[in-house]
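Novice: Sharing a model that was predicted from the sequence below.
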Amino acid sequence: MATPNTEDGYGAIPLASDRSENVVEGGKTMSKTRYILLAVACGAVALGVGVVIGWFSRPGLTEEDREALDKFRALVRGADEAIVNTIMDDIDSERIRENLRELTRRPHMAGTEPDLEMAELLRTAWLDNGLDEARLIPYDFLLSYPPMGEMGENNTAVTVDGTDFVFEETRTAHIEPELQGDPDAPQFFYAYSPAGNPVGELVFANYGRPEDFDYLEKNVSINCTGKIAIVKYGREGRGAKAVNAAAVGAVGVIIYPDPGDVNVPGAPVYPDGWFLPGTGVERGSSLSDPGEPLTPGYPATDYAYRRPLSDVDVFPPIPILPIGYNDAQEYLERLTGEEAPEGWAGGLPITYRLGPGFTDDWAARRVQMNVYTNTTIQRVYNVIGILNGRVEPDRYVMFGNHYDAWVQGAIDDTSSAAISLELTRVFGNLAKDDKWRPRRSVVFAAWGAEEFGLFGSFEYVEQYTKLLGERLVSYVNMDVGVGGNYSLAAAASPSMHRAILDVTKRIPSPHSTERTVYDDWTQGNPTPHIGGITLSTDHAAFALRVGTPVMTMAYTYDKTGYPGVTTYPAYHTGYDNMDVMERFVDPDFTVHRALARTAAELLRYLSDELLLPLEWEPYVPVLTASLNATITEYGTSLEEQGISLDALESAVQSFSNAAAGFKDVVDGVDKDNPVQVRTVNDQLVAVNRAFIDIHRQHVFFKHVLFSPAYCTLGPSGSFPGITDAMCGGPQGEGWEEVKKQVAAITFTIESAADALRNVDSIAGP
């Protein structure tokens, strides 16, 4: 790792692994004598700071004295606010445009040759831009592909008669016509779908949710056994649709993007507008859980133990196939049976019917799916670069995005990769020219194989969990960076709300110099909406496994103006390309520049401020809401079983009290005392990590507040562990799990309160 050119090693704190540990004798806690010694030592540090200041205040300093004084001043020097304008002015929209043009030259699906070329390009560019180090970190992932090239089989649906005669004119398209013949462009497929050629009558099942199949069975007496379900994209995961269909006996699922969900009636479709044409098809992964499926809990390194494929339980149970809405209309408009109920009809110009089977001249036909996916272990790389901090190089602020895409992915997520390249140029040039270097290290990450199930970020976190837990102070994510030009969208840990709100008030709007990004973001509301932690992008691994303060951000379209549109229209299709970006989304790349400026200022703010701009008090209403929901939803049942929530209520109150007390600590911190500053900063990060319970049953999701609940019987505002334990009404030994969860959550909240208390709280209450 290269050494910074300025203030080399000033104030570098020994890494946690280098610190000597306290000895616990005979299992006893620290003795009174040692406690006194610890107090004396802390006082000595404060005295030492005063002595240093006094010593260097005397007249007649030697050159050696001055060098030592410079080093001390570096420890307590605040952020260089003057550098903000320099960073803002240096960010160049045309450079971002050229970055995006270069990065979208070829489709670059994970594990392919263009994907490797992309990783190598990023590493080389980051080093050229001035980062101190950049590496390719290899992993061996189980990936899933369709047949590639012109000679392989095609994933399609087709109608057949009772003699298995194939009506070729009804065969669905296997790739967008514009990509026909491109050797790097994958045909339509869902990764990890089992291969197969199921045949059956067609049934329309709305979005393929459990309640949709319940309606078919209970309201119109349709038995789905042996049938193929055709469903609309959205409202449920791809793999979940297959699980739901298999549960009622279906043998296959066809998924299509209904224009009612992706387009606006009457609006022009590509190439005349940015809305999805009928030939566009959404590719995607169908795993039921993120993370590499063969190595759960451990990184997918070359030496990792890999469980047998037969033991993997996150694959869909039956074949699933995506098709375009033009092909879907050909099938749906010929369905027989009852008319679909209210709320099921989409945006196609047809009468939606349920089936099963076809009418008129198609009456004797059934549908055959042809799915030819295969799995193979492929080498994929994360790209990791670092700009070393000048004072605390062992404290990291990380910025990440994924660089793989199903096709060109100009929006998802090559727009973020283009912005990241520009950020490394601006930050790197400042460091190379000795103009500025952040107090803490800034780490840049480009994740591989995100589209297959967040593989790159999950495996990285699995590999470096302990190191990240000690040193990572925040993670900033960008995904679908410029998916629209209307306003910012963000999701964050409670502790990161203040930082993103502060930053957006300082960044000019891409639409008006008299407005800010914050102004656009509020959309007329008193404050902007900030979402919570989800499994949809790479911040999940850091938040739910390590407890790192995280946020993710992007520019999005006007969701109030397009109320039926659930995602940007070209999502995961061959129409997510440079042409759509330049003609319809961000022609002058001012949105890219505004987003890059927001990310740059956020990274500077987090990496250069003396005191970390992290909050802790917003956890109080989160805890209170979860407690109240637990009492409302489950209180009576718990009381009947003799399960008390008193200790849980006490823990929430304990955290609230500790949070109020910690405010006085932060307000009164002596910023001329580097030890005191470091201590408070460590507490600001530690309170986030304290909500991690390493004993939670899920192999990866360890956060007691934000881990996903897997109960599918309806939404709950309770703690996820209690929600899952209470799912469906526990019986017998199930109540023991409820007791365990209540106790574990209580303990974890008390631990978070301890993180905010005085450092001597280790001595006990």
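Specialist: Noted; the coordinates are in hand.

Novice: for stretch 283-291, how far is the first residue from the last?
Specialist: 18 Å (Cα to Cα, to the nearest Å).

Novice: Residue 309 - how many residues pack around it?
Specialist: Residue 309 has 11 neighbours, counted by other Cβ atoms under 10 Å. For the C-beta atoms, the positions are set from N, CA and C on the backbone; glycine is no exception.

Novice: Same question for residue 322.
Specialist: Residue 322 has 25 nearby residues by other Cβ under 10 Å.

Novice: Touching, it and residue 281? I think so.
Specialist: Yes. Counting by Cβ atoms under 8 Å, residue 281 is a contact partner of residue 322 at 4.9 Å.

Novice: Residues in contact with both of these two, list them for me.
Specialist: Common neighbours of residue 322 and residue 281, using Cβ atoms under 8 Å, 6 or more residues apart in numbering, are 188, 256.

Novice: can you give me the strands for the stretch 101-250 of the chain?
Specialist: Secondary structure of the stretch 101-250 of the chain (DSSP state E, counting those that start in this stretch): strands located at 133-145, 156-160, 166-167, 190-191, 199-200, 202-204, 228-232.

Novice: buried stuff in the longest one?
Specialist: Read it as strand 133-145. Buried residues in strand 133-145, counted by 16 or more other Cβ atoms under 10 Å: 134, 136, 137, 139, 140, 141, 142, 143, 144, 145.

Novice: and it, which strands flank it?
Specialist: Using DSSP bridges, the strands paired with strand 133-145 are strand 374-387 (antiparallel).

Novice: Which is the succeeding secondary structure element to the partner strand?
Specialist: Counting by DSSP states H and E, the next helix or strand C-terminal to strand 374-387 is strand 392-402.

Novice: Next SSE downstream of that following strand?
Specialist: Counting by DSSP H and E, what follows strand 392-402 is helix 414-432.

Novice: So which elements touch that following helix?
Specialist: Counting contacts by 3 or more Cβ pairs under 8 Å, 6 or more residues apart in numbering; DSSP states H and E, helix 414-432 is packed against helix 83-90, helix 93-103, helix 113-129, strand 374-387, strand 392-402, strand 440-447, strand 472-482, helix 590-608.

Novice: quick revisit: from the buried residues of strand 133-145, which is closest to residue 593?
Specialist: residue 134 (23.9 Å; Cβ to Cβ).

Novice: what about the nearest residue to the closest one once chain neighbours are set aside, distance to residue 476?
Specialist: Spatial nearest neighbour of residue 134, excluding adjacent residues (Cβ to Cβ, 6 or more residues apart in numbering): residue 385 at 3.8 Å. Look at residue 385 and residue 476: by Cβ to Cβ, to the nearest Å, they are 15 Å apart.

Novice: Same check on residue 672?
Specialist: From residue 672 to residue 476 the distance is 29 Å (Cβ to Cβ).

Novice: quick one, which of the two is more surrounded?
Specialist: The neighbour count for residue 672 versus residue 476, taken as other Cβ under 10 Å, is higher for residue 476 (25 against 16).

Novice: what about the closest residue to that one other than its chain neighbours, how many neighbours?
Specialist: Spatial nearest neighbour of residue 476, excluding adjacent residues (Cβ to Cβ, 6+ apart): residue 399 at 4.9 Å. Neighbour count of residue 399, defined by other Cβ under 10 Å: 27.

Novice: cool, and residue 464?
Specialist: Neighbour count for residue 464, taken as other Cβ under 10 Å: 17.

Novice: Numbering from 2 from now on, please.
Specialist: In the new count, where the first residue is 2, that last one comes out as residue 465.

Novice: Find me the pLDDT at it, would you?
Specialist: pLDDT for residue 465: 97.

Novice: how close does it get to residue 440?
Specialist: Distance, residue 465 to residue 440, by Cβ to Cβ: 22 Å.

Novice: Same question for residue 682.
Specialist: 10 Å.

Novice: swap in residue 460?
Specialist: For residue 460, the distance to residue 440 (Cβ to Cβ) stands at 30 Å.

Novice: more crowded one of these two?
Specialist: When residue 460 and residue 440 are compared for neighbours, residue 460 comes out ahead with 28 against 24, by other Cβ under 10 Å.

Novice: Which pLDDT value belongs to the residue nearest to residue 135?
Specialist: Reported pLDDT for residue 386: 98.

Novice: Over to residue 81?
Specialist: Note on residue 81: pLDDT of 79.

Novice: okay, now the closest residue in space to it that isn't next to it in sequence: neighbour count?
Specialist: The shortest distance from residue 81 to any residue other than its chain neighbours is 6.2 Å, reached at residue 437 (Cβ to Cβ, 6+ apart). Residues within reach of residue 437, counting by other Cβ under 10 Å, total 18.

Novice: How about residue 104?
Specialist: Residue 104: 23 surrounding residues under other Cβ under 10 Å.

Novice: So for the protein, which residue is the most central one in space?
Specialist: Centroid check for the chain by Cα atoms, centre = their mean gives residue 538 as the closest residue, at 2.3 Å.

Novice: Just the element for that residue, please.
Specialist: With secondary structure defined by DSSP H and E, residue 538 is part of neither a helix nor a strand.

Novice: pLDDT wise, what is the residue lying closest to it once chain neighbours are set aside at?
Specialist: Nearest-residue entry for residue 538: residue 480, 4.2 Å, with adjacent residues in sequence omitted and distances by Cβ to Cβ, 6+ apart. At residue 480, the model reports a pLDDT of 97.

Novice: Determine the number of other residues adjacent to residue 480.
Specialist: 21.

Novice: Please list all residues in contact with it.
Specialist: If you count contacts by Cβ under 8 Å, 6+ apart, residue 480 has them with 402, 403, 413, 414, 417, 451, 537, 538, 539, 553, 555.

Novice: And for residue 329?
Specialist: Applying Cβ under 8 Å, 6+ apart, the residues contacting residue 329 are 231, 255, 257, 259, 349.

Novice: let's see 6 Å
Specialist: Neighbouring residues of residue 329 by Cβ atoms under 6 Å, 6 or more residues apart in numbering: residue 257.

Novice: likewise residue 398?
Specialist: Neighbouring residues of residue 398 by Cβ under 6 Å, 6+ apart: 441, 443, 474, 475, 604, 607, 608.

Novice: quick one, phi psi at residue 363?
Specialist: With angles defined as degrees, to the nearest 10, residue 363 sits at phi -100, psi 10.

Novice: which sections of the stretch 152-301 of the chain are below the confidence cut-off?
Specialist: For the stretch 152-301 of the chain, no stretch has pLDDT under 70.

Novice: Enumerate the helices of it by residue range, in sequence order.
Specialist: Ranges of helices within the stretch 152-301 of the chain are 211-220, 239-248, 260-263, based on DSSP state H, counting those that start in this stretch.

Novice: quick one: contacts of the first one?
Specialist: Pointing back at helix 211-220 there. Contacts of helix 211-220 from elsewhere in the structure, counted by Cβ under 6 Å, 6+ apart, are 206, 207, 223, 245, 249.

Novice: and residue 730, how many neighbours?
Specialist: By other Cβ under 10 Å, the residues close to residue 730 number 8.

Novice: how much space between the closest residue to it other than its chain neighbours and residue 676?
Specialist: Leaving out its chain neighbours, the residue that sits closest to residue 730 by Cβ to Cβ, 6+ apart is residue 638, at 7.7 Å. Taking Cβ to Cβ as the measure, residue 638 falls 50 Å from residue 676.

Novice: quick one: average pLDDT of stretch 622-637?
Specialist: Mean per-residue pLDDT for stretch 622-637: 96.

Novice: Flag every buried residue along that stretch.
Specialist: By 16+ other Cβ under 10 Å, the buried positions in stretch 622-637 come out as 623, 624, 627, 628, 630, 631, 632, 634, 635.
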